[in-house]
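> curious how this folds, go ahead:
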Amino acid sequence: MVGAGPFGTWGAPRRVHRPRPPRAPPCRPKFRVLCWTAVRFATGCLNDRGCRAGLRWPTSREVAVTTRTPTDATRPPDRRRFLKHAAAGAALAATPAWTRVPSRPRLNLEELSARRGFPGTEDESFWEMVKSQFPLRPGLILVNAANLCPSPYPVQEAVFGYTRDIDQDASFHNRAKFNALAAESVEALARLLGASPDEIVVTRNTSESNNTVINGLTLGAGDEVVLWDQNHPTNNVAWDVRADRWGYRVIRVATPPAPETEDELIDAFVSAFTDRTRVLAVTQISNISGVELPARRLCRIARDRGIYVHMDGAQSFGAVEVDLHAMGCDSYTGSAHKWFCGPKEAGVLYVRAERVAELWPSDVGVGWEGVIAGGGADKFGTYGQRDDAAVAGVGTTVEFHEAIGAAAIEARMRALAAGLKGAIRERIPGVKFHTSDVPGLGGGVVIAELGVDDHTEIYNRIYEEHGVAGALRRGVFPGIRLCPHMYNTMAEMEQIADALAASA
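Take a look at the predicted model:
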């Protein structure tokens, strides 16, 4: 029986309702822009022709400009190949366009090294070329090397390439090659620092290296440790924490501000030595005053008394020429992320061969039996899984320094610091520097006190209005800390002085 009702015909065969697929909403311009912004942020390789254009790989011309060839991308990493193709810009293909630093002419390390040998290497044109190897934002004057430095393109691209290689194939088979690359990094560091490879281990930073030494020495009640009161906390407070547990005594030495002679510094330490002094722990160049200790002379005096000498090189590693065997310290530490301009979260620990057996390691991990059998400093580096790309990148950074020359880098750094102080004095007659003007007693750490109680406003203004990125210092040595390096120019030293004069 078929009838009709308020809700349609009844009694007839029922029709199954099949909902129609929803229609795509119209692509509104604002929404489209938002979508493309989000997707491009994730990929960095899309075109801009609208929603219907879809995703695409870069064109062959774009690939030639922004990335390596597919063959290179899939080939196992080799340090020499990364250096040869350093200018290829592999990382740019994965970088959103609006975050990219405008391209600069880039050289491979062989070309950079060759140009160093030309007449006029000390001219600004050479250092402009060195600066072009760093991806610095236009308008920025970065003078914060005591805290953090950028890595040059060859180092960046090596680390990025190594990282991609690991992420593409994290198998034991693929990663086996990083053992050889890590060994190359150790050999390169030993070459740069005047040490033997079996005295060097790649750590994560100066802090870790310092604490390895502090916790590794056997000390107890009745022993004394002499420190410089300008040491970094990891070579300062860390000794106090250990002393609370083991009962030795910590003695701090104060030195004159802006010393005029080496004897002023040496005498302050020697007067603190006693028959109970077991350790002298100092910093080669202070990060809070810029004072540079006469390291060789101080080490010789201490070692003649049988005192273990630990040297914190956070402000000297990568800034000045270092020959650890000639210096005569028993241990030395440094960070790759500062003046060395290397990979982030990488550092170095040197322990003199005769002292390796005396120090206990802080970490014991996989491979312990093997490193103990070897008898070298690598017993301090069994950390477990490392950032293999960063460790391998340390070797690339050494090659970058060698392409320019460690002596040339030091001379340039000292010339920039002297030029900066001179320019500031011309514009601000009452300025006070905590850094000594005596050659050999002051490194590249320049701290300018500008006659105000609080330098915060000046610190902010020189960055926000003039693009000068330094550091704010308080405490015993207040002021603005300015640390120029090889990627700075003499013209920038004048601009910094102008910025301080306008902001003070």
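> ok, the residue most central in space within the chain - contacts?
Geometric centre of the chain, nearest residue: His337, 1.0 Å, by C-alpha atoms, centre = their mean. If you count contacts by C-beta atoms under 8 Å, 6 or more residues apart in numbering, His337 has them with Leu148, Cys149, Asn205, Pro343, Lys344, Glu345, Ala346. C-beta: built from backbone N, CA, C; applies to glycine.
> in this protein, which strand is the longest?
Of all segments of type strand in the chain, defined using DSSP state E, the longest is strand 277-283.
> contact partners for Ala499?
Arg461, Ile462, Glu465, His466, Val468.
> now with 7 Å?
Ile462, His466, Val468 (C-beta atoms under 7 Å, 6 or more residues apart in numbering).
> which residues does the residue lying closest to Gly222 once chain neighbours are set aside contact?
With sequence-adjacent residues excluded and distances taken as C-beta to C-beta, 6 or more residues apart in numbering, Gly222 is closest to Arg276, at 6.1 Å. By C-beta under 7 Å, 6+ apart, the residues touching Arg276 are Gly222, Asp223, Glu224.
> hmm, try it at 8 Å
Here Arg276 is in contact with Gly222, Asp223, Glu224, Arg249 (C-beta under 8 Å, 6+ apart).
> mind checking how far the last one is from Glu426?
Distance of Arg249 to Glu426, given as C-beta to C-beta, to the nearest Å: 48 Å.
> between those two, who's got more neighbours?
Neighbour tally, Arg249 and Glu426, criterion other C-beta atoms under 10 Å: the higher count belongs to Arg249, 16 against 12.
> isn't that one right next to Gly220, touching?
No: using C-beta atoms under 8 Å, Arg249 is not in contact with Gly220, being 10.6 Å away.
> which SS state does Ala195 fall under?
Reduced to three states with DSSP: H, G, I helix; E, B strand; the rest coil, the structure at Ala195 is coil.
> oops, could you answer that again for Arg355 instead?
Following three-state DSSP, the label given to Arg355 is helix.
> Asp330 is in contact with that one, correct?
Yes: Arg355 is within contact range of Asp330, at 4.8 Å (criterion: C-beta under 8 Å).
> before we move on, the earlier item: wait, which of the contacts of His337 is closest to Val320?
Val320 has its nearest neighbour among the contacts of His337 in Cys149, at 14.6 Å by C-beta to C-beta.
> not counting its neighbours along the chain, what's nearest the closest one?
Here the residue nearest Cys149, using C-beta to C-beta, 6+ apart, is Cys341, at 4.6 Å.
> ok, the one you found to Trp368 distance?
Cys341 sits 32 Å away from Trp368, going by C-beta to C-beta.
> which one's more surrounded, these two?
Taking neighbours as other C-beta under 10 Å, Cys341 and Trp368 compare with Cys341 leading, 24 against 13.
> wait, a strand at that one?
No: under three-state DSSP, Cys341 sits outside any strand and is assigned coil.
> residues contacting it?
Listed by C-beta under 8 Å, 6+ apart, the contact set of Cys341 reads Phe134, Cys149, Pro150, Ser151, Pro152, Val155, Gly318, Thr397, Phe400, His485, Met486, Tyr487.
> and the first one, helix, strand or coil?
Looking back up the chat, that one is Phe134. What three-state DSSP gives for Phe134 is coil.
> skipping adjacent residues, who's closest to it in space?
Per C-beta to C-beta, 6+ apart, closest to Phe134 is Tyr487, 4.5 Å.
> quick one: the helices in the stretch 151-300 of the chain?
Shown for the stretch 151-300 of the chain, the helices assigned by DSSP state H, counting those that start in this stretch span residues 153-168, 172-175, 177-193, 206-216, 237-246, 262-270, 295-304.
> okay if I get those as CSV plus mean neighbour count?
Shown next, in CSV, are those (neighbours: other C-beta atoms under 10 Å):
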stretch, mean neighbour count
helix 153-168, 22
helix 172-175, 10
helix 177-193, 19
helix 206-216, 23
helix 237-246, 15
helix 262-270, 16
helix 295-304, 18
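> so which of those is nearest Pro361?
Using C-beta to C-beta, the helices of the stretch 151-300 of the chain put helix 206-216 closest to Pro361, at 6.6 Å.
> could you give the angle of the closest one to strand 277-283?
Relative orientation of helix 206-216 versus strand 277-283 (axes from the mean of the first three to the mean of the last three C-alpha atoms, to 10 degrees): 180 degrees.
> mean confidence (pLDDT) on helix 206-216, please.
The average pLDDT within helix 206-216 is 97.
> between it and helix 237-246, how big is the angle?
The directions of helix 206-216 and helix 237-246 differ by 20 degrees, with the same axes, to 10 degrees as the criterion.
> helices or strands up against helix 206-216?
helix 237-246, strand 308-312, strand 331-335, strand 347-351 (3 or more C-beta pairs under 8 Å, 6 or more residues apart in numbering; DSSP states H and E).
> the ones you listed: which one's closest to Ala406?
That would be strand 331-335 among the helices and strands packed on helix 206-216, by C-beta to C-beta, at 13.3 Å.
> just to revisit the earlier point, roughly how far apart are the residue nearest to Gly222 and Gly247?
From Arg276 to Gly247 the distance is 12 Å (C-beta to C-beta).
> show me where pLDDT drops low in the stretch 51-200 of the chain?
Along the stretch 51-200 of the chain, the parts satisfying pLDDT under 70 run over 51-108, 116-122.
> can you pull out the helices in the stretch 351-500 of the chain?
Going by DSSP H, counting those that start in this stretch, the stretch 351-500 of the chain shows helices at 368-374, 388-404, 406-427, 456-464, 490-503.
> in the first one, what counts as buried?
Pointing back at helix 368-374 there. Applying a neighbour-count criterion of 16 or more other C-beta atoms under 10 Å, one finds Val371 buried in helix 368-374.
> likewise the fourth one?
Residues of helix 456-464 classed as buried: Ile458, Tyr459, Arg461, Ile462, Tyr463 (neighbour count, 16+ other C-beta under 10 Å).
> try stretch 431-446
By 16+ other C-beta under 10 Å, the buried positions in stretch 431-446 come out as Val431, Phe433, His434, Thr435, Ser436, Leu441, Gly442, Gly443, Gly444, Val445, Val446.
> endpoints of that stretch, how far apart?
In terms of C-alpha to C-alpha, to the nearest Å, the two terminal residues of stretch 431-446 are separated by 12 Å.
> average pLDDT across that stretch?
Stretch 431-446 comes out with an average pLDDT of 92.
> for stretch 453-466, same thing?
Mean predicted lDDT for stretch 453-466 stands at 97.
> now that stretch, how far from the centre of its chain.
24 Å (C-alpha atoms, centre = their mean, to the nearest Å).
> stretch 388-401 too?
Distance, centroid of stretch 388-401 to centroid of chain: 11 Å (C-alpha atoms, centre = their mean).
> can I get that stretch as CSV, trimmed to CA atoms?
What follows is stretch 388-401, C-alpha atoms only, in CSV (Å, rounded to 0.1, in the frame of the first residue of the first chain):
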residue,chain,number,x,y,z
ASP,A,388,78.7,13.4,15.2
ALA,A,389,78.2,16.3,12.8
ALA,A,390,79.5,18.8,15.3
VAL,A,391,82.5,16.7,16.2
ALA,A,392,83.4,16.3,12.6
GLY,A,393,82.8,20.0,12.0
VAL,A,394,85.6,20.9,14.5
GLY,A,395,88.1,19.6,11.9
THR,A,396,86.6,21.8,9.2
THR,A,397,86.9,24.8,11.6
VAL,A,398,90.6,24.1,12.2
GLU,A,399,91.1,24.1,8.4
PHE,A,400,89.4,27.5,8.2
HIS,A,401,91.7,28.9,10.8
